[in-house]
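1. Pasting the sequence and the predicted coordinates here, then a few questions.
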Amino acid sequence: MTAQTFTDTERRTTLAGLLIVFLLSALDQTVVSTAMPRIIAELNGLTLYSWVTTAYLLTSTVMVPIWGKLGDIYGRKPVLLAGIAIFLAGSWLSGLSGEFGAVLGMSGMVQLIVFRALQGIGGGALFTTAFAIIADLYPPRERGKFAGIFGSVFGLASVLGPLIGGYFTDHGTVHLGGHLIAGWRWVFYVNLPLSLLSLFMILVKMPPLEHRRSGAVDYLGAILLVAAFVPLLLALSQGGHDFAWSSPQALGLFAFAAAALALFLYAETKVSNPLLPLRLFANRVFATANLAGFLISMAFLGVVTFLPLYMQLGLGVNATTSGLAILPLMGGLIVSSTGAGQLVSKTGRYKPLMIAGAVLLLVGIGLLTRVTAHTTLPDLCWRMAIVGLGLGPGQSLFNLATQNAVEVRDIGVATSSNQFFRQIGSTIGVALFGALLTHRLATEGQGFDLGSLQGLALKATAQGAARHADPVLAQALTHAITGVFAAGLLVIAAGLVVIFLIPELPLRSRQPGPEPVLEKEAV
C-alpha cells in the first residue's frame, strides 16, 4: 500500500462535508422525539408509537459493521455516497407518510415505520464512514482534535434536535398550492437540502480514497449478524412494554438471537474475508476499548433517557423547560469533547483523559443519586453539567485508540465495530434501566408503572404547560429514578476498571507508508 497525498483544500472541503453528514445522522436520532405526539395523533398510530424509533435503531445498528466492511473493500467514497442517497430517500418518503392515505395496504403509521427503517439503513453508513474517512486523511496524533470536533457536533445535535423538532411541529404547518403540509413533516424534509449539499461536496470535492483490500463481501456473515441482532434489539426495546420479559415472545427472540450469534461466530472463522475478523479481539486495545465504550454508552443513555421524565413528573416542570434544562449537560459534553481532542493532539496521550472522563462521570451520576422531589432546577443543572464534562472524552477517544491500534486495512471494520458496540450498549442500557424503573415503581406499591408515567408525560407535553407535580407520584418516581442512577454508577465503575486495562500505545504522528508530500494551496 502506498500513502495517498491530499491537498489542504481537499482535506478542508472533505471535513466540511463530513461534518454535515455527521450532523444529519446525529440530528435524526433526536429531532423526531418532540414531534411524535403530533405524528401519532395525525396518523392514528398510538399502538405503534415505539416502532418509529425502534425501526431506525434496528436497521442503523445492524448495518454499521456491514457498511464498515464495504468501505474497506470498495472504498469510503462510494459507500458514503450510497449511504447519503439512501438516507435522503428515506427522509423524503418519511415526510410523505400518510399524505396520500393507505398505500399497498399500509396505513400512514406503517408507512412511516417502513421508511424510517430505510432511513436507518443509510444512517448506519454516515457515522462509521465519516470517522473512517478522517482516519484515512489524518494520522492518529492529528486526528484527536478532529475527533473532538465531531463529538461536539454530536452534543450540539442533541441540543438542537428536540428544539428544531418542536419548532417545526408547532409552527411549520403551511399551505402550498391549496395543499396543507403538516408541520411535523418538515422534521424529515429538513434533511433534504443538507443531504443534497453534502452529496455535492463529497461527489465533487472529496478525493477518491484508495481501496484498502480486495475480496468479496461476507454475505453469510451479514445475514447471520442481522438474524442475531434484530431479534435481540426487538426483545430489548419491546420487552417490558409490548410483552413481558418472561413471555414466550421474549424468550423466543433471545433464543433465536443466541443461536444466530453462535452461527455467526462460527461462520466468521471459516470465510476468507470475514465481516468482523475475530482475530481483532486478540488485540487488547480493540477488545478493551470496545468493551469500555459499550459500558459507558449503556450507563449514559440508560440514565439520561429518564431525566426528562424526572423533571416533568418529579419536579413538575413543562416539557420545553425540561428540554432546555439538558443544555448544561450537553454544554459540558461539547467543552470536554473539544478540549480532550486538542489535548490528545498536543500530548499524544489519550488514556489519562479517558480515566478523567470516567471519574467525572462517576462523580456526576453519584450526585444525581442524591436528588429528591424537592431538588431545584438550578441544583439539578450543575449536577448534569458535571455528567456532561465526564461524557465528552468518551465521544471520540475510544474510537481513536481503536483506530490507532489496528492495521490500516482494518480501520473501517474497527471504526464500525466501535460504533456498533456503543449503539448496542445504548439500547441495552435503555431497556434494562427501564425495566429497573418499572420494578422499583411496582415495589413502591402506588400502582404506577412506566407506561402510565410516559402517558402522563405525553399529556403534559400536549398541554404545553407546567404540571403541578402530584406529591405521591413525585416521591415514588424520584425514589425509582435514583435507583436507576445508582445502577448506572455500578456500570460506570465497571467501565472505569476496563479503561484502566486499555494499553496506551503511542499515537502515530503520520500515516503508514511513505511520508506523504502535501501540496500547500492558498486559502
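-> Structure received. Numbering: from 1, shown residues only.

2. what's the closest non-adjacent residue to Thr305?
-> The shortest distance from Thr305 to any non-neighbouring residue, by C-beta to C-beta, 6 or more residues apart in numbering, is to Val430 (5.2 Å). Using the backbone N, CA and C atoms, a C-beta is placed for each residue, glycine as well.

3. Could you check which helix or strand contains the one you found?
-> For Val430, the element it lies in under DSSP states H and E is helix 411-444.

4. on contacts alone, who are the packing partners of that helix?
-> helix 51-74, helix 108-137, helix 219-238, helix 284-304, helix 397-405, helix 450-463, helix 471-501 (3 or more C-beta pairs under 8 Å, 6 or more residues apart in numbering; DSSP states H and E).

5. Just the buried residues of the last one, please?
-> By neighbour count with 16 or more other C-beta atoms under 10 Å, helix 471-501 contains the buried residues 473-485, 487-489, 491-492, 494-496, 498-499.

6. Just want the angle from it to helix 411-444.
-> 150 degrees (axes from the mean of the first three to the mean of the last three C-alpha atoms, to 10 degrees).

7. before we move on, what about the shortest one?
-> Orientation note: helix 397-405 sits at an angle of 150 degrees relative to helix 411-444 (the same axes, to 10 degrees).

8. What's the local residue count around the closest residue to Cys381 other than its chain neighbours?
-> Distances taken as C-beta to C-beta, 6+ apart put Pro328 closest to Cys381, at 4.5 Å, once the chain neighbours are dropped. When neighbours are defined as other C-beta atoms under 10 Å, Pro328 has 20 of them.

9. need the contact list for Pro328.
-> 381-382, 384-385, 388 (C-beta atoms under 8 Å, 6 or more residues apart in numbering).

10. one more time with 10 Å
-> 378, 380-389 (C-beta atoms under 10 Å, 6 or more residues apart in numbering).

11. which SSE is it in?
-> helix 327-347.

12. surely Ser322 meets Leu307?
-> Yes - proximity of Ser322 to Leu307 meets the contact threshold set by C-beta atoms under 10 Å, at 7.8 Å.

13. picking up where we left off before, so which of the helices and strands packed on helix 411-444 is the most surrounded?
-> Of the helices and strands packed on helix 411-444, the one with the most neighbours on average (mean count of other C-beta atoms under 10 Å) is helix 397-405, at a mean of 27.

14. centre of the chain versus it, how much separation?
-> Relative to the mean C-alpha coordinate of its chain, helix 397-405 is positioned 18 Å out (C-alpha atoms, centre = their mean, to the nearest Å).

15. Where does pLDDT dip in the stretch 251-400 of the chain?
-> 318-320, 323 (pLDDT under 70).

16. now do 50
-> Across the stretch 251-400 of the chain, nothing is flagged by pLDDT under 50.

17. isn't Thr288 right up against Leu505?
-> No - applying C-beta under 10 Å, one finds Thr288 not in contact with Leu505, separated by 11.9 Å.

18. Give the residues shared as contacts by those two.
-> Joint contacts of Thr288 and Leu505 (C-beta under 10 Å, 6+ apart) are 401, 405.

19. Could you find the closest non-adjacent residue to Ile121?
-> Thr59 (4.8 Å).

20. Serialize the helices and strands packed on helix 411-444 to JSON lines and add fields for distance to Lys351.
-> Formatted as JSON lines, those follow (distance: least, C-beta to C-beta, whole Å):
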{"stretch": "helix 51-74", "distance to Lys351": "25"}
{"stretch": "helix 108-137", "distance to Lys351": "19"}
{"stretch": "helix 219-238", "distance to Lys351": "30"}
{"stretch": "helix 284-304", "distance to Lys351": "10"}
{"stretch": "helix 397-405", "distance to Lys351": "8"}
{"stretch": "helix 450-463", "distance to Lys351": "38"}
{"stretch": "helix 471-501", "distance to Lys351": "7"}
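
21. looking at those helices, which is closest to Gly95?
-> helix 108-137 (8.6 Å; C-beta to C-beta).

22. What's the first helix or strand after the closest one?
-> Following helix 108-137 in sequence, per DSSP H and E, is helix 140-171.

23. now that following helix: mean pLDDT?
-> For helix 140-171, mean pLDDT is 72.

24. Report the angle between it and helix 108-137.
-> Interaxial angle, helix 140-171 versus helix 108-137 (the same axes, to 10 degrees): 160 degrees.

25. which helices and strands does helix 140-171 pack with?
-> helix 8-28, helix 36-43, helix 108-137, helix 186-189, helix 319-325, helix 327-347, helix 377-391, helix 397-405 (3 or more C-beta pairs under 10 Å, 6 or more residues apart in numbering; DSSP states H and E).

26. Serialize those helices to JSON lines and add fields for distance to Gly366.
-> Below are the helices and strands packed on helix 140-171 laid out as JSON lines (distance: least, C-beta to C-beta, whole Å):
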{"stretch": "helix 8-28", "distance to Gly366": "28"}
{"stretch": "helix 36-43", "distance to Gly366": "32"}
{"stretch": "helix 108-137", "distance to Gly366": "30"}
{"stretch": "helix 186-189", "distance to Gly366": "36"}
{"stretch": "helix 319-325", "distance to Gly366": "19"}
{"stretch": "helix 327-347", "distance to Gly366": "15"}
{"stretch": "helix 377-391", "distance to Gly366": "9"}
{"stretch": "helix 397-405", "distance to Gly366": "22"}
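
27. Just want the angle from the helix holding Pro328 to helix 397-405.
-> 30 degrees.

28. residues of helix 327-347 that come out buried?
-> 327-341, 343-345.

29. just stretch 378-389 next, same as before
-> Of the residues in stretch 378-389, those buried (16+ other C-beta under 10 Å) are 380-381, 383-389.

30. From the residues you listed, pick the one nearest Lys145.
-> Leu389 (18.1 Å).

31. and that closest one, what does it touch?
-> Leu389 neighbours (C-beta under 10 Å, 6+ apart): 328-329, 331-337, 339, 356-357, 360-361, 363-364.

32. if you set the cut-off to 7 Å instead, what comes out?
-> 332, 335-336, 360 (C-beta atoms under 7 Å, 6 or more residues apart in numbering).

33. which residue packs closest to it, ignoring adjacent ones?
-> Using C-beta to C-beta, 6+ apart and skipping residues adjacent in sequence, the residue nearest Leu389 is Gly332, 4.1 Å away.
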